[in-house]
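Participant: following is a predicted model, sequence given first.
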Amino acid sequence: MIVLQAPHNLIQTTTVLPNPTFQDSQALVNKLNNQTMMDGSKRVYVRSTNKRKIDYDFELCYPKALELEEFVKAYMGVEWRLIDMENKVWRVIFLPDVFELDKERETLVRASLSLEGYRLV
């Protein structure tokens, strides 16, 4: 079970989603810094952070998909609290270009959700 709460500091809305059915993934978010030295040599520095990118794919019933869509619209650009299926608590922000609802069937809807943030507990 995935719990989304927003906004992070003063929770006003909570939505509960089932466990991801297709996949869930986490990846580190690192930044590369390419620099050219005065002698012409090139160096690449990696700036490591604790920030992670989290991707979830769900198969939801139509009313739950609409609830998720309204939640995303209402709290886009605001930090959310995420409690994942392993009871880990995250402070995340929604990545807006990656939200998809695939309404090919009337009973079940595929939803893809991408978030970026830090693990708190």
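Facilitator: Yep, it's here. These figures come from a predicted structure and were not determined experimentally.
Participant: CA atoms for contacts and neighbours, from now on please.
Facilitator: Will do.
Participant: and the residue of the chain most remote from its centre, what pLDDT?
Facilitator: In the chain, counting by C-alpha atoms, centre = their mean, Asp39 sits farthest out from the average C-alpha position, at 42.3 Å. We have a pLDDT of 91 for Asp39.
Participant: can you list phi and psi of Leu66 for me?
Facilitator: phi -70, psi -40 (degrees, to the nearest 10).
Participant: Lys73 now?
Facilitator: Residue torsions, per degrees, to the nearest 10, at Lys73 are phi -60, psi -40.
Participant: how close does it get to Val3?
Facilitator: 17 Å (C-alpha to C-alpha, to the nearest Å).
Participant: so where is this protein shaky, pLDDT-wise?
Facilitator: 22-31, 48, 97-98, 100, 102-106 (pLDDT under 70).
Participant: if you go through it in chain order, where are the helices?
Facilitator: 62-74 (DSSP state H).
Participant: count of neighbours near Trp80?
Facilitator: 25 (other C-alpha atoms under 10 Å).
Participant: ok, Thr14 - contacts?
Facilitator: Counting by C-alpha atoms under 8 Å, 6 or more residues apart in numbering, Thr14 touches 3-6.
Participant: look up how far Pro63 lies from it.
Facilitator: On the measure of C-alpha to C-alpha, Thr14 and Pro63 end up 15 Å apart.
Participant: now swap in Leu10 and tell me
Facilitator: 26 Å.
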